[in-house]
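J.: Below is the sequence, then the predicted model.
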Amino acid sequence: MNSQKSNKRIALITTWYPPITGIAVSRMDSFANYLSEDFTVEVFCLGDKKETIKKSKSLIVHYIMSNNLFNKLKSNQKDFKIIHNFKTVLRILLKKVIKSPLNSWKNDTLFDLKGIHEKEPFDLIISSFSPSESHVVASEFCQIHSSVPWIADMRDEMSTNPTIDGITKSNLHNIENLVNKYASAITSVSEPILNDFKLICPKVSLFEEVRNGYNHLLVNQNQNSLNNSTFTFGFFGSFYGAVKPDLFFEALMKILLSVPEFDFQFEVYGAHKNFNIPTKLKNKVHIFPHLPYEQAILKMQKMDVNVLFIPNNGRKGIYSGKLFDYISVQRPIFAMLDKKDVAFDLIKELNCGYLAEFNDIDEIVDAIKKIIKDKTEGVFDVASTSQVESLHRRNQVQKLKTLINNLISK
């Protein structure tokens, strides 16, 4: 079925869209780009100024301003640790004081969505959490236009997130009730999160796992021929909350005592200076600015091992967006994670890395020793080309296309 010939129209409601960057942005960008191959897509998103940009014949982006302090307190990778921490504290305090920091954006987005729909109706809408305002816009629209199917996309858990406070949990549960009442389908990034929503939203009829993935066409031509003079660990992304390299550093210092001849460096790309480097590792840890996506991919290809940190904090269904990029470059992965969650299962299934429980220093040390041994013997395992290709975002969005066709053909 070629939906574009029948001019089916989709509205995508999200605060995360280029030119800002991040995993959430990548998901929404891939939704918009790949859906626009078969449908006409109009994106309603957060912007620094109000403007509409026609990206292509079938993709239009409406940027809508929000006049709140949160935009001015966005993290900047050039910030020093004290500035980064100050901004973080202020954002937390503002969230406690301001019940709905994106209220003006929500109201303006709903106004524009309804106005455009009246002139040229949408056949389906998609909204993505977080934040919850996107779902509120969609639910209020569907209360007026009940015949338009709504797909509620969940990048994360809502009220079941074990790390949130009681007030936030209650507020999110109210949003879940709206989803349960008005949504036609729910998508999420992993099966455990999706299964939770099946229990929370029993009135919703359709559910689909639409994972994140990688989104490049760069081919690694020499995956087994690295000749780094110094063994290089790579990390790409941010350190925040419990996602910190402290135990990794502790394990490396133990390795220096037991395997003193191991010469290594740890290259960090794009992280804030919000973590401590032990004195003994100062000359081995190097911090670099954030890289554009394809440059980061090329750099990942040059690492001996890429490092992943996923804390075991009670949350389930957490892949971490960078995992798919790491797999795609066909270099080994060293992951400190929850060994009872999906990221562990995927790395194990693809046989493409070294695994240790996030808080188990002995397992971390043993895994690094295994890395050293395999490097010496030249026996690193990586994902196969066919396995890598299956994880491309285009293939994940294809599942979303099938779901959309199912809904709009009813």
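T.: Sure, I can see it.

J.: rest of the way, CA atoms for contacts and neighbours
T.: Will do.

J.: residue ranges with poor pLDDT in the protein?
T.: Applying pLDDT under 70 to the chain flags residues 1-6, 67-88, 91-92, 94-99, 220-227, 410.

J.: Where do the strands of it begin and end?
T.: Taking DSSP state E, the strands of the chain run over residues 9-13, 40-46, 51-56, 59-64, 124-129, 150-154, 185-188, 206-209, 231-236, 264-269, 285-288, 305-309, 333-337, 353-357.

J.: Let's have those in TSV, adding mean neighbour count.
T.: Formatted as TSV, the strands of the chain follow (neighbours: other CA atoms under 10 Å):
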stretch	mean neighbour count
strand 9-13	25
strand 40-46	25
strand 51-56	12
strand 59-64	20
strand 124-129	24
strand 150-154	26
strand 185-188	25
strand 206-209	19
strand 231-236	21
strand 264-269	19
strand 285-288	14
strand 305-309	25
strand 333-337	26
strand 353-357	22
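
J.: JSON lines please, covering those and showing distance to Ile297.
T.: Formatted as JSON lines, the strands of the chain follow (distance: least, CA to CA, whole Å):
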{"stretch": "strand 9-13", "distance to Ile297": "28"}
{"stretch": "strand 40-46", "distance to Ile297": "27"}
{"stretch": "strand 51-56", "distance to Ile297": "25"}
{"stretch": "strand 59-64", "distance to Ile297": "26"}
{"stretch": "strand 124-129", "distance to Ile297": "26"}
{"stretch": "strand 150-154", "distance to Ile297": "26"}
{"stretch": "strand 185-188", "distance to Ile297": "25"}
{"stretch": "strand 206-209", "distance to Ile297": "25"}
{"stretch": "strand 231-236", "distance to Ile297": "9"}
{"stretch": "strand 264-269", "distance to Ile297": "11"}
{"stretch": "strand 285-288", "distance to Ile297": "15"}
{"stretch": "strand 305-309", "distance to Ile297": "11"}
{"stretch": "strand 333-337", "distance to Ile297": "14"}
{"stretch": "strand 353-357", "distance to Ile297": "17"}
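
J.: Identify the residues contacting the closest residue to Asp381 other than its chain neighbours.
T.: The shortest distance from Asp381 to any non-neighbouring residue, by CA to CA, 6 or more residues apart in numbering, is to Cys352 (5.3 Å). By CA atoms under 8 Å, 6 or more residues apart in numbering, Cys352 lies in contact with Ile327, Gln330, Arg331, Pro332, Ile333, Asp381, Val382, Ala383.

J.: try 6 Å
T.: For Cys352, the contact set (CA atoms under 6 Å, 6 or more residues apart in numbering) comprises Pro332, Asp381, Val382, Ala383.

J.: Of these, which is the nearest to Asp38?
T.: Within the contacts of Cys352, proximity to Asp38 (CA to CA) peaks at Ala383, which comes in at 30.6 Å.

J.: where do the helices sit along the stretch 101-250 of the chain?
T.: Per DSSP state H, counting those that start in this stretch, the stretch 101-250 of the chain carries helices over the ranges 103-119, 133-144, 166-182, 191-200, 246-258.

J.: quick revisit: now which of the contacts of Cys352 would you call buried?
T.: Pro332, Asp381, Val382, Ala383 (16 or more other CA atoms under 10 Å).

J.: how about the nearest residue to Val365, chain neighbours excluded?
T.: Ala251 (5.2 Å).

J.: One more: Asp123?
T.: Distances taken as CA to CA, 6+ apart place Arg9 nearest to Asp123, at 5.2 Å, with adjacent residues excluded.

J.: roughly how far apart are the one you found and Asn274?
T.: Between Arg9 and Asn274 the computed distance is 44 Å (CA to CA, to the nearest Å).

J.: same deal with Asp123?
T.: Asp123 is 46 Å from Asn274, by CA to CA.

J.: ok, those two, which is more surrounded?
T.: The neighbour comparison of Asp123 against Asn274 (other CA atoms under 10 Å) goes to Asp123, with 21 against 18.

J.: so what's the residue nearest to Asp123 bridging to?
T.: Thr40 (DSSP bridges).

J.: That one touches Pro121, doesn't it?
T.: No - when contacts are counted by CA atoms under 6 Å, Arg9 is not listed as touching Pro121 (7.4 Å).

J.: Now for those two: what residues contact both?
T.: Going by CA under 6 Å, 6+ apart, no residue sits against Arg9 while also sitting against Pro121.

J.: Could you find the closest non-adjacent residue to Ser128?
T.: The shortest distance from Ser128 to any non-neighbouring residue, by CA to CA, 6+ apart, is to Asp153 (4.5 Å).

J.: Format the helices of the stretch 101-250 of the chain as a markdown table; extra columns: distance to Glu51 and mean neighbour count.
T.: Shown next, in a markdown table, are the helices of the stretch 101-250 of the chain (distance: least, CA to CA, whole Å; neighbours: other CA atoms under 10 Å):
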| stretch | distance to Glu51 | mean neighbour count |
| --- | --- | --- |
| helix 103-119 | 12 | 17 |
| helix 133-144 | 19 | 21 |
| helix 166-182 | 28 | 17 |
| helix 191-200 | 35 | 18 |
| helix 246-258 | 44 | 16 |
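
J.: The ones you listed: which one's closest to Asp366?
T.: When those are ranked by proximity to Asp366 (CA to CA), helix 246-258 comes first, at 9.0 Å.

J.: Distance of Ser130 relative to Lys169?
T.: The gap separating Ser130 from Lys169 is 13 Å, by CA to CA.

J.: And Ser56, by the same measure?
T.: Ser56 is 40 Å from Lys169, by CA to CA.

J.: can you check Met65 too?
T.: Met65 is 27 Å from Lys169, by CA to CA.

J.: Could you do Asp108 as well?
T.: Distance of Asp108 to Lys169, given as CA to CA: 26 Å.
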